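Q: Whatever this is, show me its structure:
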Amino acid sequence: MEYERNIYQKFEIEKELFDLYAKSLVPEIRSFYNTDKGKEYFEHWLCAHPEYDRRKET
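A: Numbering: from 1, shown residues only. Next comes the predicted model:
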């Protein structure tokens, strides 16, 4: 019997379940970016992706 390596690529999640999971992560993500470490991480990310920096538009 051969071991199947990519079994997770064949697994399908219903859209509603995926949406609920994503919505449950939003408060955790917001709380992280409200910390000093999260703000520092976001500044570092903006340096790597200046096209997303909205502060330059105003």
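Q: going forward, measure contacts and count neighbours with C-alpha atoms only.
A: Fine.
Q: State the mean pLDDT of the longest helix seen in the chain.
A: Longest helix of the chain, by residue count under DSSP state H: helix 15-33. For helix 15-33, the mean per-residue pLDDT is 94.
Q: can you list the residues that contact that helix?
A: Gly38, Lys39, Phe42 (CA atoms under 8 Å, 6 or more residues apart in numbering).
Q: mind running it again at 10 Å?
A: Outside helix 15-33, the residues that touch it by CA atoms under 10 Å, 6 or more residues apart in numbering are Glu12, Ile13, Gly38, Lys39, Glu40, Tyr41, Phe42.
Q: Equivalent analysis for stretch 35-43, please.
A: Ile29, Arg30, Ser31, Phe32, Tyr33, His44, Trp45, Leu46, Ala48, His49, Asp53.
Q: quick one: which of the contacts of helix 15-33 is most hemmed in?
A: Ranked by neighbour count (other CA atoms under 10 Å), these have Gly38 at the top, with 15 neighbours.
Q: For that one, give its distance to His44.
A: Gly38 sits 10 Å away from His44, going by CA to CA, to the nearest Å.
Q: same thing with Phe18?
A: Distance check for Phe18 against His44: by CA to CA, it reads 29 Å.
Q: Pop out the phi and psi values for His49.
A: Here is the backbone geometry of His49 (degrees, to the nearest 10): phi -130, psi 70.
Q: What about it, how many residues nearby?
A: 10.
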